[in-house]
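for reference, the sequence and a predicted model appear below.
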Amino acid sequence: MATVRHMRRFWGWGVEEAGPTPEQQARMAGTLTGMFGLDDLTITPPPTIDELELPPSRLTPPAPLADRCTTDPVERAGHTYGKSFRDIVRGLDRDFSHPPDMVALPRDEDDVARILDWCADAGAAAVPYGGGSSVVGGIECDVGDAYAGAVSVDLRHLDRVLDIDRASRAARIQAGVYGPALEDQLRPHGLTLRHFPQSFEFSTLGGWIATRSGGHYATLFTHIDEFVESLRTVTPRGVVESARLPGSGAGPSPDRMFIGSEGILGVITEAWMRLQDRPGFRASATARFETFDGGVHAARALAQSGLFPTNCRLLDATEAMITGADDGSAHVLLVAFESADHPLDPWIARAVELVRDHGGSVPDDAIRTGADEQGAREGTAGAWRNAFIRAPYTRDALVAMGMVNETFETATTWDRFGELHADVTASVRAAMAEIGAPNGVITCRFTHVYPDGPAPYFTVIAPGRRGAQLDQWATIKAAASEALRRHEATITHHHAVGRDHRPWYDRQRPDLFADALRAAKRSLDPAAVMNPGVLIDP
C-alpha cells in the first residue's frame with residue numbers, strides 16, 4: 001500500500017494518472033460555457049508538492065516510535081484533507097496551512113496503543129485516517145490551540161485477512177485493508193464482503209465501519225453494520241473486543257458503540273466480518289417513466305415487495321442525461337438481482353411486472369439474465385455505473401474550472417418524501433440564485449430504498465466565482481441542510497457527520513444521547529485526544 005499511497009493525489013481524488021485528460025477537460029469546459037452562458041473557463045492546474053509551504057512539525061515522537069512516524073511532505077499534505085468539494089478547492093488554492101504534524105504508520109496493534117499513549121501524554125490530537133476519502137471533514141487535523149499538535153493515524157500496514165471461517169462464512173480482517181486488496185484476499189476462497197461504496201478503491205474496512213458506510217446493496221444489506229460480527233478497538237484506556245456471535249440479546253451491542261463513532265473513541269484495528277459466496281447468477285432491467293412520481297411509486301413497490309433487489313436506483317431525467325444513462329426525456333429506474341445459489345428469472349419477472357403496474361416502460365430487450373457481470377457493464381446500467389465510478393474525478397475537474405459541484409444525501413419516510421423533494425429543490429434553486437448562479441442544475445436519485453422510505457441523493461452543479469467558491473458552497477449547503485431538518489430527514493444517510501454536518505447533527509441527535517456519548521468518551525478517552533471536533537465536543 002505504500003506504493004499506492006505515493007501514486008495518489010495529495011490534493012484530490014484518486015491517482016495522478018487517472019481522471020479527464022487535458023483534452024477532455026477542455027471539451028468539458030466548452031460544454032459548460034455553452035450550458036451556463038459563461039465566458040471561456042480557466043482551468044486551475046493541480047498543485048505540486050514543491051509549491052506548498054507546510055508549517056514545521058510541532059511534535060517529536062519518542063525514540064521507540066521514531067520509525068513509525070514521518071514528516072515527509074507528501075505524506076503530510078496527503079493527510080491534510082479528505083475528498084470533499086471544499087477540500088478540493090483548498091487543495092487547488094495551495095492552502096495546506098493545517099497539515100498533521102506527524103503521520104503515524106503503525107505496523108501492528110501494539111504500535112497503535114503506543115501511538116495513542118504518546119498522543120495522550122503529549123497533549124496531541126490523534127486523528128484516524130482510514131483511506132482519507134471523507135467528504136464531510138472527518139479527518140482534518142486543524143484542531144486548534146488546545147492541542148500541542150495533531151497526528152494522523154494511518155493503518156495502511158494492517159492490511160491482511162488473518163483468519164477465514166469457511167463454515168460460518170466469516171473472516172477476521174485487519175482494519176487498514178483497502179477494498180480491492182480485501183476482495184483479492186477473499187476471492188481464492190470463493191467469498192466476498194460484497195460492500196462496494198463509491199470510494200471502494202480508496203477506502204478501508206476500518207473507515208467503512210467507523211463511518212457506517214453505505215455500500216453495494218440498494219435494499220436489505222445497505223450499510224456495513226449488517227456485516228460486522230465483532231470488533232476489536234484500541235482506545236486510550238485499552239482494548240475493547242466484542243464477542244463473536246451471529247446475534248445476541250444481551251444488552252446494548254458493544255459493536256454499535258464503535259460503528260459510526262468516527263474515531264472519537266479509539267482506533268478500530270480489526271473485525272470479524274460476515275461474508276457471502278461470490279454471486280454467479282444475475283438479472284437486471286431498465287425502466288423509463290414519464291414522471292418522476294411514477295418512478296418513486298415503483299421504487300416503493302419494489303422496496304416493500306420482499307424481493308430485495310440488489311440494485312434499485314431511480315434517476316431523475318436530468319441525472320440520467322448528465323450521467324449518459326439516458327437522453328433526458330424520461331426518468332430511469334435501474335433494477336438488478338444477484339445470487340450465488342439460484343437463477344433469478346422469477347425475481348426479475350415479478351419486479352418488471354411491478355414496475356409496469358406503476359407506469360414504467362420496460363422493453364423486453366431491457367431485461368437481462370445470465371451468469372456473468374457483462375450486463376452490468378452495458379446499456380443504460382453500464383453507462384450509469386461508469387459515470388458513477390468516474391464521478392469523483394469529474395468533480396475535481398469541475399472544481400478546477402471554478403464550478404460549484406456538491407452532493408448531499410439523506411433518508412426519509414415515503415409519506416414525507418414528496419414534500420421534502422420539493423422543498424430541497426426549491427431551497428437549493430433559491431440559494432443558487434442568491435450566489436449569482438440561477439441557471440445552476442440540481443438532480444436527484446435514490447441510492448437505497450427501504451420498506452419505509454428512500455435515501456435520496458442530490459447533486460448540484462453551478463457556475464462559481466473564483467475566490468468565492470467556498471462561500472457559495474456554504475450557502476447551498478446550509479439551504480439544503482435546513483430543508484432536510486424542516487422535514488425531519490437525516491442530515492446524512494451514508495456520508496457520516498464529520499465536521500461539515502455537525503451543526504445539523506447537533507440538532508438531530510437527542511440531547512440525553514449526546515450526554516451519554518460524552519460520558520463514554522470521557523471513560524475511553526480521558527485526555528480527549530481522539531479526533532476532536534467530530535460528533536460531539538468533549
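Here it is on my side, so go on.

what residue of the protein is the furthest out?
Each residue of the chain has a distance to the centre, and by Cα atoms, centre = their mean the biggest one is for Ala63: 36.5 Å.

measure that residue to Arg114 for me?
Plainly put, Ala63 is 11 Å away from Arg114 if you go by Cβ to Cβ, to the nearest Å. Yep, even glycine has a C-beta here, placed from its N, CA and C like the rest.

pLDDT at the residue farthest from the centre of the chain, what is it?
The predicted local confidence for Ala63 comes out at a pLDDT of 97.

got phi/psi on it?
phi -50, psi -40 (degrees, to the nearest 10).

tell me how far it lies from Asp72.
Note on Ala63: its distance to Asp72, by Cβ to Cβ, is 19 Å.

got it, and Leu333?
Counting by Cβ to Cβ, the gap from Leu333 to Asp72 is 48 Å.

same deal with Ala496?
Using Cβ to Cβ, we find Ala496 at a distance of 27 Å from Asp72.

next: Leu105.
Between Leu105 and Asp72 the distance is 10 Å, computed by Cβ to Cβ.

contacting residues for Val112?
Pro106, Val153, Leu155, Val234, Val267, Thr269 (Cβ atoms under 8 Å, 6 or more residues apart in numbering).

between those residues, which is closest to Arg509?
Minimum separation from Arg509 among the contacts of Val112 (Cβ to Cβ) is found for Val267, which lies at 22.9 Å.

quick one, phi/psi of that closest one?
Dihedral angles phi and psi of Val267 (degrees, to the nearest 10) take the values phi -110, psi 120.

so where's the stretch 1-150 of the chain shaky on pLDDT?
Applying pLDDT under 70 to the stretch 1-150 of the chain picks out residues 1-6.

immediately after the lowest-mean-pLDDT helix or strand in the chain, which helix or strand?
Lowest mean confidence among the helices and strands of the chain (mean pLDDT, DSSP states H and E): helix 2-7, at a mean of 50. Beyond helix 2-7 on the C-terminal side, the first helix or strand identified by DSSP states H and E is helix 22-36.

for that next one, packing partners?
Under the contact definition 3 or more Cβ pairs under 8 Å, 6 or more residues apart in numbering; DSSP states H and E, helix 22-36 sits against helix 379-400, strand 453-463.

count the neighbours of Ala243 for me.
With neighbours defined by other Cβ atoms under 10 Å, the count for Ala243 comes to 11.

hmm, Arg232 and it touching each other?
No. Using Cβ atoms under 8 Å, Ala243 is not in contact with Arg232; the gap is 11.2 Å.

returning to that earlier point: between Leu105 and Asp72, which one's more packed in?
Summary of the neighbour comparison: Leu105 and Asp72, criterion other Cβ under 10 Å, with Leu105 having more neighbours (24 against 11).

contact partners for that one?
Under the criterion of Cβ under 8 Å, 6+ apart, the contact partners of Leu105 comprise Arg68, Cys69, Thr70, Asp154, Arg156, His157.

where's it relative to Arg68, distance?
Spatial separation of Leu105 from Arg68 under the definition Cβ to Cβ is 6 Å.

over to Leu398?
Plainly put, Leu398 is 38 Å away from Arg68 if you go by Cβ to Cβ.

span of stretch 57-77 from start to end?
Distance between the boundary residues of stretch 57-77 (Cα to Cα, to the nearest Å) amounts to 12 Å.
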